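S.K.: Here is the input, now give the coordinates:
(3 chains)
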Amino acid sequence: MPSKKPLPKPVSTGFWLVKSEPESYSIDQFAKDKKTLWTGVRNYQARNFMMETMKPGEKVLFYHSNAEPSAIVGLGEVVRTNVPDPTALDARSDYHDPKASKDHPIWFCAEIKFLEKFDLPLSLEEIRRVDSLADMSLLAKGQRLSILQVQPDEFDVIMELV
DNA sequence: GCCAACGTTGGC
DNA sequence: GCCAACGTTGGC
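M.R.: As a prediction, the model looks like this:
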């Protein structure tokens, strides 16, 4: 028996949810930018999603966290993945990592393009009231990951409600 | 502003 | 390798 388990490489469900505090990057800013690099992620699990699980063309729900109300507010689509995060190499960035270099970027991000701002944002409170969304990882206790997988059936339910 | 939950760091 | 201390996330 090998003493080490291989690192699990999760299969993409094809759908994602990314969190952003509207005060740092809002859906309105995303709509203006048309596309953005999802930089500044400094968590290995979230990074690995953007390095090896996410695929171009997959849909991304945009969630406002720490907001009033916190809610799913829009939709984007993955354009590129596994892009070295430029903020890690920028000494003036809040996200600068002195251990990162051009040959060893450490941190990677995805590029996401704007598709839609929802007419009816789906608040966290509303999400909790939908039985078929009860298993969303967004609702899991202690869940702090800024990038989460979404199941196809959950995505369909959400798109019916926004 | 509070604080539970979790990830990371570093001393040993 | 253990684990206490610390920092961050994000709901409330």
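S.K.: longest strand anywhere in chain A?
M.R.: strand A:108-123 (DSSP state E).
S.K.: Send me the helix or strand just after that strand as PDB with only the CA atoms.
M.R.: Note on strand A:108-123: by DSSP states H and E, the next helix or strand toward the C-terminus is helix A:124-129. The C-alpha trace of helix A:124-129 is given here as PDB (Å, rounded to 0.1, in the frame of the first residue of the first chain):
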ATOM      1  CA  LEU A 124     -28.500  33.800   0.400                       C
ATOM      2  CA  GLU A 125     -31.700  33.900   2.400                       C
ATOM      3  CA  GLU A 126     -33.700  32.900  -0.700                       C
ATOM      4  CA  ILE A 127     -31.200  30.200  -1.600                       C
ATOM      5  CA  ARG A 128     -31.700  28.600   1.900                       C
ATOM      6  CA  ARG A 129     -35.400  28.400   1.300                       C
END
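S.K.: Only the buried residues of helix A:124-129, if you could.
M.R.: Across helix A:124-129, burial judged by 16 or more other CB atoms under 10 Å covers A:124, A:126-127. Yep, even glycine has a C-beta here, placed from its N, CA and C like the rest.
S.K.: Just name the closest of those to DNA strand C, please.
M.R.: Comparing the buried residues of helix A:124-129 against DNA strand C with CB to the nearest atom of the strand places A:Leu124 closest, at 5.2 Å.
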